[in-house]
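Trainee: sequence plus the predicted model coming up.
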Amino acid sequence: MRKFSFYLICILLCFIAFALIYNPSRYISVCYQAIILWAVNVLPSLLPFFFLTLLLTYLDAVSMLARLFSPFTARLYRTSGYASVVQLMSFVSGYPVGAKLISELYNTNQIDSDEATRISTFSSTSGPMFVIGSVGVGMFKSSSVGALLLITHLISAILNGIFFRKYGSCKCLNTPIENKCYKGNILYDCAYNTTLSCLIIGTFIAFFNVFCQIAIDFKLLYPLIWIFNLIFKDNSLSIGLVTGLIECTNGCYILGSSPSLISVALAGFSISFGGICILLQSITFLKQANVNIKIFILSKIIQGVTTFLLLALLCNIFICF
């Protein structure tokens with residue numbers, strides 16, 4: 001099975017390389033647009049948060065906040081107070097800040113791998129700027145849609161944390177949160193790690209935008225679109241959902257082009273699941289914390305389905321097209 005997966009990935013990568021050679025001007029243009037998207041929309045919001053979270057971790061401010069919220073997170077999520085800091089940063093700043101902070105906490109020996117896995121299930125969220133501003137107002141032309149998407153997205157994350165609270169051992173509840181002073185050049189290390197992390201994210205965004213366009217041009221996604229067409233009886237919904245499974249932003253844009261109650265619910269699924277692009281960005285950081293990646297991916301699927309169901313129930317009440 002592993003050999004089959006390996007050969008399949010190799011064939012896919014060779015096909016992408018062939019497509020780039022076959023029509024370089026088209027895909028260079030797509031890559032350029034993706035880099036502009038990263039530089040103009042993603043980088044300004046992520047860079048200060050990455051730098052801030054690293055600085056807070058290295059200065060040990062995270063430990064002080066963790067001690068304050070420990071009683072709350074111990075009961076709700078069966079984690080130490082560090083979970084509250086990670087979740088708050090993720091809620092405010094979006095993907096993949098939560099995963100990045102988990103890796104920093106693990107690398108500074110403030111959480112173990114089991115706790116890191118539990119925290120990852122409820123601290124991988126999109127931020128309000130993207131959900132309300134970009135998707136709600138920009139794509140669906142409605143701040144009400146954006147607000148409902150954000151509320152259900154965050155509720156599903158909290159429910160995820162409760163659902164996965166029994167995973168792994170729970171040494172964190174019996175271990176006191178100690179002050180850990182970072183020894184090194186704090187400002188330089190924060191700047192270096194922040195720059196590297198942002199460049200990694202930019203690479204993922206550029207590659208998956210190009211891959212998504214190649215898949216559309218060569219109709220690689222047609223079988224999956226055909227299956228969803230049997231369910232939704234709407235080609236734009238099917239294309240939007242399948243595109244969102246790869247790259248969330250493009251998927252939401254397509255779904256927002258023909259707004260309806262079902263397209264809002266599908267956009268909610270795409271935002272909560274994150275798409276392959278977001279998943280790989282997060283996994284890049286979570287592997288450094290020895291997180292159980294299968295549990296993380298399962299949690300993202302459950303979060304996406306939960307958001308979809310919540311929106312299916314609430315859209316009829318709060319949204320009118």
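Mentor: Yes, it's here. Numbering: from 1, shown residues only.

Trainee: point out where the stretch 1-150 of the chain drops to low pLDDT.
Mentor: The model of the stretch 1-150 of the chain has pLDDT under 70 over residues 1-2, 45.

Trainee: ok, the stretch 151-300 of the chain next?
Mentor: Ranges of the stretch 151-300 of the chain meeting pLDDT under 70: 171-184.

Trainee: okay, helices next: where are they in it?
Mentor: 186-217, 222-232, 235-246, 248-256, 261-273, 275-286, 293-318 (DSSP state H, counting those that start in this stretch).

Trainee: now those in a markdown table, with distance to Leu154 and mean neighbour count?
Mentor: Glycine gets a C-beta too; all of them are placed from N, C-alpha and C. Listed next are those as a markdown table, based on distance: least, CB to CB, whole Å; neighbours: other CB atoms under 10 Å:
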| stretch | distance to Leu154 | mean neighbour count |
| --- | --- | --- |
| helix 186-217 | 22 | 18 |
| helix 222-232 | 26 | 13 |
| helix 235-246 | 19 | 22 |
| helix 248-256 | 16 | 24 |
| helix 261-273 | 10 | 26 |
| helix 275-286 | 16 | 22 |
| helix 293-318 | 9 | 18 |
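
Trainee: need the contact list for Leu237.
Mentor: 228, 255, 258, 262-263, 266 (CB atoms under 8 Å, 6 or more residues apart in numbering).

Trainee: pick out the most distant pair among the residues you listed.
Mentor: Comparing every pair within the contacts of Leu237 by CB to CB identifies Phe228 and Ser258 as the most remote, at 14.6 Å.

Trainee: gap between stretch 5-20 and the chain center?
Mentor: 25 Å (CA atoms, centre = their mean, to the nearest Å).

Trainee: so what secondary structure elements neighbour the helix or strand hosting Ser25?
Mentor: Element membership for Ser25 (DSSP states H and E) is helix 24-37. With contacts taken as 3 or more CB pairs under 8 Å, 6 or more residues apart in numbering; DSSP states H and E, helix 24-37 sits against helix 186-217.

Trainee: and the angle from the helix it packs on to helix 235-246?
Mentor: With axes from the mean of the first three to the mean of the last three CA atoms, to 10 degrees defining the directions, helix 186-217 sits at 140 degrees from helix 235-246.

Trainee: helices or strands next to helix 186-217 in the packing?
Mentor: Using 3+ CB pairs under 8 Å, 6+ apart: helix 186-217 touches helix 2-22, helix 24-37, helix 43-58, helix 235-246, helix 275-286.

Trainee: Gly161: which of those helices is closest?
Mentor: That would be, of those and by CB to CB, helix 275-286, which comes in at 15.5 Å.

Trainee: got the CA positions of that closest one in CSV?
Mentor: Extracted in CSV, the C-alpha atoms of helix 275-286 (Å, rounded to 0.1, in the frame of the first residue of the first chain):
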residue,chain,number,x,y,z
GLY,A,275,-8.4,22.1,2.5
ILE,A,276,-5.2,20.1,1.7
CYS,A,277,-3.2,23.3,1.5
ILE,A,278,-4.0,24.4,5.1
LEU,A,279,-3.7,20.8,6.4
LEU,A,280,-0.2,20.5,5.1
GLN,A,281,0.8,23.9,6.4
SER,A,282,-0.4,22.9,9.9
ILE,A,283,1.2,19.4,9.7
THR,A,284,4.5,21.0,8.9
PHE,A,285,4.5,22.5,12.4
LEU,A,286,2.6,19.8,14.2
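
Trainee: list the contacts of that helix.
Mentor: Under CB under 8 Å, 6+ apart, the answer for helix 275-286 is 95-96, 98-100, 102-103, 116, 120, 124, 197, 200-201, 204-205, 208, 244-248, 251, 273-274, 293, 296-297, 300.
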